[in-house]
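Asker: Next comes the sequence, and after it the predicted model I'd like to discuss.
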There are 2 protein chains.
Amino acid sequence: MSDELRDQLARAATATEAAIDRLLTATPQAGETERPPRLLSAMRYAALGPGKRIRPFLVIETANLFGATSAAVITTAAALECVHAYSLVHDDLPAMDDDDLRRGRPTVHKAYDEATAILAGDGLLTLAFDALAALDAPADTRVALIGGLARAAGIGGMVGGQALDLDTDAPAEAQAIRTMQAMKTGALIRYAVEAGAILGAASQADRARLAMFGARIGEAFQIADDLIDATGTVETAGKRTAKDAALGKRTVVALVGIDAARERLAFLVRQARDTLAPFGDRAAPLAAMATFIATREA
Amino acid sequence: MSDELRDQLARAATATEAAIDRLLTATPQAGETERPPRLLSAMRYAALGPGKRIRPFLVIETANLFGATSAAVITTAAALECVHAYSLVHDDLPAMDDDDLRRGRPTVHKAYDEATAILAGDGLLTLAFDALAALDAPADTRVALIGGLARAAGIGGMVGGQALDLDTDAPAEAQAIRTMQAMKTGALIRYAVEAGAILGAASQADRARLAMFGARIGEAFQIADDLIDATGTVETAGKRTAKDAALGKRTVVALVGIDAARERLAFLVRQARDTLAPFGDRAAPLAAMATFIATREA
């Protein structure tokens, strides 16, 4: 990662974490009686633990393409990170991927308990919609952000993709794997870019371009994740690796092998960067992120 | 239940179930790739199984007070029922209340599996926000409905109440129990009435009156539930009973006894019905529902 990208990513992460911290205040908000401390603590553990904040970065830098830098941009980034955090908490549960370690720390159901982990995930998902509904932005912007997030995160997106991933009887064909991954991981990454475009009031043409960019880096992200699992160590990855093969999971790496997966990854990154050409130098942070997504080790 | 209320409730249930059926179509919607059949089936099993549809009735009849009878009213009722269904699916999980039976049928994790139950709940919660964002209603109405639902269902509402209910170390004092129940069960019932008032573009004074009504029937609903658990049978209740005492759960019945709980219940229903007086005969369905909530056996 270049020093420049590292700085930009750190700035986006700091702003996003401050916004998550505000959303997860201990003070009950209008219409609330109290916020149970243990549940709140688990939600904070999940959403404010170590993380690269790639999705918030994509929201913020895409909005920035159009000069949008308001507090609403940062809060949207925070809401999206809450949804990402919820998905990790539920995916890690014993009934799902049964993971004890996440980003080098005990997973939420290990650090707290299983019931609290389920509820913390539910609470984070719900909080994301609460935050978007309360944004300081026009009502139609808020509705577009909410509708897009729900579509990306629901049965036809992330939740459906996780269901397909758990289905060990599903076909191990390239198209089926690509669909599963586009839903499970891709949908939320595409939404990050889409949300930035909504907040930036982008033209239809720019929105279409950015949707393409989002789809490509979404696919790249998942292939990179599969490569990390196949070739990384727990020390570099911060989580258990080599588990896809052990669990018989359907991945692009399992289907075509490590070398071909790396080629596909490089192709996707070139394509993604090409999509940004019309935006010129202003899109340099997004282009750098596309490269980082493909080359990261964790 | 009077024949009139039975008919009104049946009409509301039929309309709501048709709307849920449409939301849970197998056809992928814009922005979706596919809807995994097994997950969709579990979501339909949870949301379209037997149920009285009390919350949808409250949305529909409250909106009706103000002459609002649009498709948006029915879809809002359906979205709320999806949130209620999700909460039951997650509450029934082994790590939570560990129930095998719900409304006389196997719970979702028994009929499917635990991972599918977790994802079906997540999918139903997300779908509710998708449906509200897509309502045929002004954007500010949609944002108000979404924000209110998120607040009622989140850490300061239903999810937080479930966390408090699971906390066996929490104080068994009247106020703590009332707070827990107001969050766990009351918040969503209050929201049903609030949503109807939003859809009906009610005045501030009417909204305040209806909020009071919602709070009272919400408390009544939970006390009636606790009485069903304490005095009912699995045949009448359609679910395992006498489990609150077995689990050492904090309930109003456990605290003050059956007779005093029944007195409190009767008091709340009188208060709730009094709140409706300014609406005259138009509020007869809501008044009848208040009485039914307190006297039901399941």
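Answerer: Arrived safely.
Asker: And the strands in the stretch 1-150 of chain A?
Answerer: In the stretch 1-150 of chain A, the segments counted as strands under DSSP state E, counting those that start in this stretch are A:101-102, A:105-106.
Asker: highest average neighbour count across those?
Answerer: Among these, strand A:101-102 has the highest mean neighbour count (mean count of other C-beta atoms under 10 Å in any protein chain shown), at a mean of 20. For every residue, glycine as well, the C-beta is placed using N, CA and C.
Asker: Tell me the strands beside that strand, with direction?
Answerer: strand A:105-106 (antiparallel) (DSSP bridges).
Asker: re earlier: any chance of the strands of the stretch 1-150 of chain A in TSV, plus distance to residue B:53?
Answerer: Output for the strands of the stretch 1-150 of chain A, formatted as TSV (distance: least, C-beta to C-beta, whole Å):
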stretch	distance to residue B:53
strand A:101-102	39
strand A:105-106	41
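Asker: any idea which of those strands scores lowest on pLDDT?
Answerer: Lowest mean pLDDT within the strands of the stretch 1-150 of chain A: strand A:101-102, a mean of 90.
Asker: how far does that one sit from the chain's center?
Answerer: Mean-position distance between strand A:101-102 and its chain equals 16 Å (C-alpha atoms, centre = their mean, to the nearest Å).
Asker: What is the lengthiest helix in chain A packed up against?
Answerer: If each helix of chain A is counted by residues according to DSSP state H, the longest one is helix A:204-231. The contact analysis (3 or more C-beta pairs under 8 Å, 6 or more residues apart in numbering or on different chains; DSSP states H and E) places helix A:204-231 against helix A:54-65, helix A:174-181, helix A:187-199, helix A:234-237, helix A:243-247, helix A:252-256, helix A:258-275, helix A:284-295.
Asker: For it, list every residue counted as buried.
Answerer: Residues of helix A:204-231 classed as buried: A:206-207, A:209-231 (neighbour count, 16 or more other C-beta atoms under 10 Å in any protein chain shown).
Asker: Stretch A:97-110 too?
Answerer: Applying a neighbour-count criterion of 16+ other C-beta under 10 Å, the buried positions in stretch A:97-110 are A:97, A:99, A:102, A:107-110.
Asker: Any idea how far apart the tips of it sit?
Answerer: Using C-alpha to C-alpha, to the nearest Å, the end-to-end distance of stretch A:97-110 comes to 13 Å.
Asker: quick one: contacts of it?
Answerer: Residues from elsewhere that reach stretch A:97-110, judged by C-beta atoms under 8 Å, 6 or more residues apart in numbering or on different chains: A:42, A:45-46, A:49-51, A:88-89, A:91-94, A:111, A:116-117, A:120-121, A:234, A:238-240, A:243.
Asker: list the contacts for the closest residue to residue A:151 other than its chain neighbours?
Answerer: Sequence neighbours aside, residue B:31 is the residue nearest to residue A:151 in space, at 4.4 Å (criterion: C-beta to C-beta, 6 or more residues apart in numbering or on different chains). Listed by C-beta under 8 Å, 6+ apart, the contact partners of residue B:31 are A:148, A:151-152, A:156-157.
Asker: Go through these and flag which are in helices.
Answerer: Per DSSP H, the contacts of residue B:31 map to helices at A:148, A:151-152.
Asker: ranking these by neighbours, who comes first?
Answerer: residue A:152 (28 neighbours; other C-beta atoms under 10 Å in any protein chain shown).
Asker: so can I have JSON lines of the contacts of residue B:31 showing pLDDT and distance to residue B:290?
Answerer: Output for the contacts of residue B:31, formatted as JSON lines (pLDDT from 0 to 100; distance: C-beta to C-beta, whole Å):
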{"residue": "A:148", "pLDDT": "98", "distance to residue B:290": "39"}
{"residue": "A:151", "pLDDT": "98", "distance to residue B:290": "37"}
{"residue": "A:152", "pLDDT": "98", "distance to residue B:290": "40"}
{"residue": "A:156", "pLDDT": "98", "distance to residue B:290": "39"}
{"residue": "A:157", "pLDDT": "97", "distance to residue B:290": "40"}
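Asker: so which two of the residues you listed are the farthest from each other?
Answerer: By the measure C-beta to C-beta, A:148 and A:156 form the most distant pair in the contacts of residue B:31, at 12.2 Å.
Asker: which residue packs closest to the residue of the stretch 1-150 of chain A found nearest chain B, ignoring adjacent ones?
Answerer: When scored by C-beta to the nearest C-beta, the stretch 1-150 of chain A has residue A:32 as its residue closest to chain B, at 2.5 Å. Leaving aside its chain neighbours, residue A:32 sits nearest to residue B:156 (2.5 Å; criterion: C-beta to C-beta, 6+ apart).
Asker: now what about stretch A:127-134, what contacts it?
Answerer: A:23-24, A:43, A:75-76, A:78-80, A:82-83, A:86, A:142, A:145-146, A:149-150, B:129, B:143, B:146-147, B:149-151, B:154-155.
Asker: Which of the helices and strands in chain A ranks last by mean pLDDT?
Answerer: Least confident helix or strand of chain A, by mean pLDDT, DSSP states H and E, is helix A:234-237 with a mean of 70.
Asker: show me what contacts the residue in chain A sticking out farthest from the centre?
Answerer: The centre of chain A is farthest from one residue, residue A:33, which by C-alpha atoms, centre = their mean lies 30.9 Å away. Contacts for residue A:33 (C-beta under 8 Å, 6+ apart) come out as B:156, B:179, B:182-183.
Asker: which parts of the stretch 151-298 of chain A sit against chain B?
Answerer: Proximity of the stretch 151-298 of chain A to chain B, by C-beta under 8 Å from any C-beta of the partner chain, involves residues A:151-157, A:159-160, A:162-164, A:166-167, A:179, A:182-183.
Asker: Name only those of these that count as buried.
Answerer: Neighbour counting with 16+ other C-beta under 10 Å marks A:151-157, A:159-160, A:162-164, A:166-167, A:179, A:182-183 as buried within those.
Asker: which regions of the stretch 101-250 of chain A lie under the pLDDT threshold?
Answerer: Along the stretch 101-250 of chain A, segments meeting pLDDT under 70 span A:235, A:237-240.
Asker: Look through it and state the residue closest to chain B.
Answerer: Residue nearest to chain B within the stretch 101-250 of chain A (C-beta to the nearest C-beta): residue A:156, separated by 2.5 Å.
Asker: wait, doesn't that residue sit right on residue B:39?
Answerer: No - look at residue A:156 against residue B:39 with C-beta atoms under 8 Å: they stay out of range, at 10.1 Å.
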